[in-house]
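**Q** how would this look folded up:
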Amino acid sequence: MSPHFLTADGPIDIPERVLVIVAHPDDIDFGVAGTVAQLTAAGSHVAYCLVTSGEAGEDDMTVSADELRELREGEQTAAAAKVGVDTLHFLRHPDGMVEANMKLRCDISRIIRIEKPDVVITQSPERNYDSVYGSHPDHIETAEATLRAVYPDSRNPRAFTAELLEEGFEPHMVPHVWIGSTEQNLFVDITDSFDVKLEALRAHQSQVAKRDAEFDLSKLMREWGERLAHSAAKLGIDHFDNAEAGDPNNRIAEGYRVLNTA
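**A** Residues are numbered from 1 along each chain as shown. Model (predicted):
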């Protein structure tokens, strides 16, 4: 793979250490697994932090929450391996009841201090009025707690002193956050990692098997990625302006809003 991490002002350097923080198993693989595959292929160390274990993500009430938690953690672990990630932190906050409270801020700050990332990738803290699924309350609360943990908590030695500093978790300053926003200014070409993204996504059989049977998951994800590539082209990023919509050789992208937190 030849990684392309592009802005309207040109390419950016590949970060050495990355921490991806999301609400549920499969959020990463729907949203950023292509980017993760590009990062690990380029030599980045990538770790995952899952706020919940997705134990509320099944309508069949004959399956217990504990069974579903174990199943979905296993699926996420298998999905992570597909894209070169073997470090996963499961915080096990209650699925469907995530709140950006001090407990979650402390828990995320601990993982940031452990992993010491150059970049944190997370979801959007803003509601998307065009997508109810993209605006799951757990996503919004996770993203807000993550941003609060990045600044000021994880870098502040006086934040959660007993829980963190006295336990040996030294402060860490995260220079950048990549947010899964609808207002992107960073685009990653995942054309070469699209197939492995699908493999990672399909590792979540409890969540995607029915959808894959009802419609072509590959086609849907490709359409999402092509739209992002065209968004990049509209911003003048020439790398993505090399094919017409619908062309099977069109580029596929994932996009982010970069927040400078240094």
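
**Q** count of residues packed around Met130?
**A** Quick fix: residue 130 reads Asp, not Met. By the criterion of other Cβ atoms under 10 Å, Asp130 has 8 neighbours. C-betas here are computed from N, CA, C, even on glycine.

**Q** Need the per-residue pLDDT for it.
**A** Asp130 is assigned a pLDDT of 84 by the prediction.

**Q** what about it, distance to Arg227?
**A** Going from Asp130 to Arg227 by Cβ to Cβ, to the nearest Å gives 12 Å.

**Q** Just the element for Ala149, please.
**A** helix 137-150 (DSSP states H and E).

**Q** ditto for Gly255
**A** Judged by DSSP H and E, Gly255 forms part of strand 253-260.

**Q** For that strand, list the C-alpha coordinates in CSV.
**A** What follows is strand 253-260, C-alpha atoms only, in CSV (Å, rounded to 0.1, in the frame of the first residue of the first chain):
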residue,chain,number,x,y,z
ALA,A,253,-11.8,7.7,0.8
GLU,A,254,-12.5,8.1,4.5
GLY,A,255,-12.6,11.7,5.8
TYR,A,256,-12.0,13.6,9.1
ARG,A,257,-12.1,17.0,10.7
VAL,A,258,-8.6,17.6,12.2
LEU,A,259,-8.5,19.4,15.5
ASN,A,260,-5.2,20.8,16.6
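
**Q** ok now do Gly96, which residues does it touch?
**A** 52, 56, 137-138 (Cβ atoms under 8 Å, 6 or more residues apart in numbering).

**Q** least trustworthy position among those, going by pLDDT?
**A** Least confident of the contacts of Gly96 in the model: Ala56, at 91.

**Q** Give me the phi and psi angles of it.
**A** The phi and psi values for Ala56, taken as degrees, to the nearest 10, are phi -100, psi 10.

**Q** Okay, the residue at minimal distance from the centre of the chain and Asp241: tell me how far apart.
**A** Against the mean C-alpha coordinate of the chain, by Cα atoms, centre = their mean, the closest residue is Ile28 at 4.1 Å. Using Cβ to Cβ, Ile28 is found at 28 Å from Asp241.

**Q** now the contacts of Gly96: which count as buried?
**A** 52, 56, 138 (16 or more other Cβ atoms under 10 Å).

**Q** Find me the pLDDT at the closest residue to the second one other than its chain neighbours, would you?
**A** The shortest distance from Ala56 to any non-neighbouring residue, by Cβ to Cβ, 6 or more residues apart in numbering, is to Asp95 (3.8 Å). Each residue has a pLDDT score; the one for Asp95 is 96.

**Q** if I've got this straight, Asp95 is in a strand?
**A** No. With DSSP: H, G, I helix; E, B strand; the rest coil as the criterion, Asp95 is located in coil rather than a strand.

**Q** number of nearby residues for it?
**A** Asp95 has 21 neighbours, counted by other Cβ under 10 Å.

**Q** Begin at 36 from now on, thanks
**A** Shifting the count to begin at 36 puts that one at Asp130.
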